[in-house]
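Let's see this in three dimensions:
(one chain, ligands or ions: 3)
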Amino acid sequence: AARDPKDLRSPICCILGHVDTGKTKILDNIRRTNVQDGEAGGITQQIGATYIPASAVETRTEELRKGRQFDLKLPGLLVIDTPGHESFSNLRSRGSGLCDIAILVIDLMHGLEQQTIESINLLKMRKTPFIIAMNKVDRLYKWQTVANSPIQDAMARQEEYVRKEFEDRYNQVALQLNEQGLNVALYWKNRDPRSFISIVPTSAITGEGIPDLLQLVVKLTQSLMAERLMFVNNLESTVLEVKQIEGLGTTIDVVLVNGMLREGDTIVVCGLGGPIVTTIRALLTPQPMREIRVKGQYVHHKELRAAMGVKIAAHNLESAVAGTQLYVVGPDDDVEDLKDAVMED
Ligand code: GTP
Ligand code: MG
Ligand code: NA
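Ligands and ions are numbered 1, 2, ... in the order given. Sure thing, here's the model as predicted:
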């Protein structure tokens, strides 16, 4: 397939970490939504997907750039939310397997926990580049809120003893990360992002550091991963969930990692009783900046390009299996080959 260095797809960024470190809240802060409040027990139990257009990144990083232009080369970011509860290690594994880059969220007050370490090991295993959000800075004693501010500006506004508590806690967590074999640095001091993992202090509640986090993900992906992100028309797509939706029947939520999907495409997916061959009746996405796992208004599309979280309505999807690949039958494909391939996952 032809590759154009200017034609980049949106990177997929997976959010990983121990339960209740604030993964969903960070996304809520970026989206200006309240998805976390609606979760049963405040616990994420599914993989989520949210598309963040480049324009939203631009707006949110304006103050941080202080008038400088953002040389944005990406159409946007597809962010994958994962559960941190120990029982969902299969979903963490699936989420991390889909992504180009990850944000590992650590609670500044708790340091490394069981699933932090599990997540680090997943990322190491797959050699996935990642950054760390050291979240809940607003819980430092006597933290002065500077809502949605770049983190260094917010830090500069704190009393000396607040900065000291931050430093002490930061150093402790950095040491724990060193023990996991990771070299880390605060992102604004990191001169070598290939060898040192950047840490961004954040608050998902008051928004300090969120602009920094967004800017860093975009900068790292478009500078270090441009080759990997060049759009290629080879379909790569994974089924996340199978869901009944009123008015649509059974649908599948998929992550389109690479390539394109079109309304009317013949698709092959893995079913409990054997391969399912069906036709895309409707190709839908949530609104930009909205979570696919939350019911909302869907946007209809004739075709979609990666990366994107997509909802597909089609007949016979009732027994589709989450976590498996989706194939499109192209003009040169043998359906029987694809039926075999889809059942191998
Ligand atoms: P799981 O998906 O269940 O693993 O949790 P999570 O990592 O998505 O954390 P979640 O967003 O559910 O937040 C857990 C709790 O921490 C909630 O009560 C949030 O309000 C709180 N919380 C998250 N981020 C922050 C933060 O930056 N500051 C403070 N003070 N509380 C936070
Ligand atoms: Mg969550
Ligand atoms: Na939670």
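
contacts, neighbours, all on C-alpha from now
Fine.

Determine whether any part of the longest helix seen in the chain lies close to ligand 1.
Of all the segments assigned as helix in the chain under DSSP state H, the longest by residue count is helix 160-179. No - counting by CA under 6 Å from any ligand atom, no contacts exist between helix 160-179 and ligand 1, the nearest distance being 13.9 Å.

How about stretch 135-150?
Yes - using CA under 6 Å from any ligand atom, stretch 135-150 reaches ligand 1 at 135-136, 138-139.

and whichever helix or strand comes after the longest helix of the chain, which strands flank it?
Following the chain from helix 160-179 toward its C-terminal end, the next helix or strand by DSSP states H and E is strand 184-186. Paired neighbours of strand 184-186 in the sheet (DSSP bridges): strand 197-202 (parallel).

ok, then the element right after the partner strand?
Once strand 197-202 ends, the next helix or strand along the chain (criterion: DSSP H and E) is helix 210-224.

Show me what that following helix is packed against.
Helix 210-224 is packed against helix 23-31, helix 54-60, strand 197-202, with contacts defined by 3 or more CA pairs under 8 Å, 6 or more residues apart in numbering; DSSP states H and E.

Okay, angle between that helix and helix 23-31 too, please.
What separates the directions of helix 210-224 and helix 23-31 is an angle of 90 degrees, with axes from the mean of the first three to the mean of the last three CA atoms, to 10 degrees.

Determine the number of other residues adjacent to Gln36.
When neighbours are defined as other CA atoms under 10 Å, Gln36 has 18 of them.

pretty sure it contacts Asp28?
Yes - counting by CA atoms under 8 Å, Asp28 is a contact partner of Gln36 at 7.3 Å.

Check the gap between the closest residue to ligand 2 within the stretch 101-250 of the chain and Val310 for me.
When distances are taken as CA to the ion, the stretch 101-250 of the chain approaches ligand 2 most closely through Val105, which lies 10.7 Å from it. Computed as CA to CA, to the nearest Å, the Val105 to Val310 distance reads 25 Å.

So which of those two has more stuff around it?
For Val105 against Val310, the residue with the higher neighbour count under other CA under 10 Å is Val105, and the figures read 30 against 26.

Now do the same contact list for the more buried one.
With contacts defined as CA atoms under 8 Å, 6 or more residues apart in numbering, the neighbours of Val105 are 15-18, 21-23, 116, 132-135.
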